[in-house]
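A.B. asks: Predicted model follows, preceded by the sequence.
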Amino acid sequence: MASVVACGRVSQLLRAVTAKCGGCSLREYAPRPLHRALRSDEAGRCVGTGRRAYGSDSKKFTDELSVRYLDGSDSGIVVFAMNRPKAKNAIGKNLLTIISEALDAVKVNNKVRTVIVCSLVPGVFCAGADLKERAKMDQSEVGPFVSKVRALTTELGNLPIPTIAAIDGAALGGGLEMALACDVRVAATSAKMGLVEAKLAIIPGSGGTQRLPRAIGVSMAKELIFAGRVVDGAQAKELGLVNHVVEQNNSGDAAYRRALDLAREFLPQGPIAIRMAKLAINQGIEVDLATGLAIEEACYAQVITTKDRIEGLTAFKEKRPPRYKGE
């Protein structure tokens with residue numbers, strides 16, 4: 001009887017994997033009216049805005065979030081840069097909506113290969129929930145709002161392409177939870193990270209109690225959450241909370257620059273293969289090994305019939321770089 005149940009579980013997961021592979025053939029993104037273009041100078045700075053920016057030519061912008069589609073050799077990299085300086089990038093209703101819309105856009109754009117999440121505010125990644133805004137909410141509004149923030153981090157975590165959090169400043173509470181939802185995290189030595197909700201007599205509510213233990217282990221995650229402890233970039237690297245730690249530079253964007261280097265490493269690889277690898281890892285890590293191997297088999301089956309696989313073999317035979325199209 002147990003084997004029958006197990007087989008049913010595997011079949012269910014395989015159907016889910018096959019269904020999710022539909023995201024490999026995606027329609028083009030039509031720019032949303034909420035974004036407006038910004039001019040840029042040769043150095044990639046935003047002209048006439050007084051805001052920090054990073055090298056990019058294709059930009060979409062709102063007051064609280066810059067969404068930039070890089071071009072040239074960096075085509076395929078999209079940068080989400082939060083920009084609420086007075087609120088330290090705290091997540092309010094408006095920012096929540098804008099990020100969700102931006103995620104919807106890249107999710108259906110098969111030319112997007114990697115998303116970098118960073119900040120335009122010096123010394124800050126994201127301070128978590130907007131407590132001033134929350135204090136004005138009726139008690140009946142708090143639960144639904146937290147659910148929406150949790151759904152956002154889940155959506156970020158389920159994005160079918162690689163995501164990198166560039167933490168050049170403070171990432172606290174929901175800010176760290178957003179970073180934890182990303183596949184890879186890079187931090188500057190000066191960054192500060194912590195799930196500090198217990199100090200406010202609440203608990204992490206956007207996935208922190210689940211993603212932090214998976215990142216650094218159950219016992220250490222409990223210690224950090226129980227104490228509301230904040231760690232710097234070097235400590236975060238030692239704990240396994242971030243993949244890379246870099247010395248902060250004079251521009252205050254060292255983590256972003258390292259994240260961009262990583263994104264450039266991802267670009268040449270087969271895009272469908274990357275999507276399937278992410279799906280296999282994300283689903284497989286939650287089940288037993290036998291089921292995980294079945295998921296891997298199902299994901300592998302999705303790449304066998306692709307034109308990219310044939311291109312990879314042909315390029316290898318001809319001793320040239322492959323030209324993948326995501327087909």
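C.D. replies: Received the coordinates, thanks.

A.B. asks: Not counting sequence-adjacent ones, nearest residue to residue 127?
C.D. replies: residue 88 (3.8 Å; Cβ to Cβ, 6 or more residues apart in numbering). The C-beta positions use only the backbone N, C-alpha and C, and glycine is treated the same way.

A.B. asks: give the contact list for that neighbour.
C.D. replies: 121, 124, 126, 127, 170 (Cβ atoms under 8 Å, 6 or more residues apart in numbering).

A.B. asks: Can you pull the phi/psi pair for the last one?
C.D. replies: Torsion angles at residue 170 (phi, psi; degrees, to the nearest 10) stand at phi -70, psi 130.

A.B. asks: Hmm, it is touching residue 123, no?
C.D. replies: Yes - using Cβ atoms under 8 Å, residue 170 is in contact with residue 123, at 6.9 Å.

A.B. asks: higher neighbour count, the two?
C.D. replies: Counted by other Cβ atoms under 10 Å, residue 170 and residue 123 do not tie: residue 170 has more neighbours, with 24 against 15.

A.B. asks: quick one: what helix or strand has residue 111 in it?
C.D. replies: Counting by DSSP states H and E, there is no helix or strand that carries residue 111.

A.B. asks: Quick check: phi and psi on the closest residue to residue 209 other than its chain neighbours?
C.D. replies: Sequence neighbours aside, residue 203 is the residue nearest to residue 209 in space, at 6.4 Å (criterion: Cβ to Cβ, 6+ apart). Dihedral pair for residue 203: phi -120, psi 160, per degrees, to the nearest 10.

A.B. asks: Is there a neighbour count for residue 203? I'd like the number.
C.D. replies: Around residue 203 there are 11 residues (other Cβ under 10 Å).

A.B. asks: same question, residue 106
C.D. replies: Neighbours around residue 106, by other Cβ under 10 Å: 22.

A.B. asks: What segments of the stretch 201-327 of the chain are strands?
C.D. replies: 231-232, 244-246 (DSSP state E, counting those that start in this stretch).
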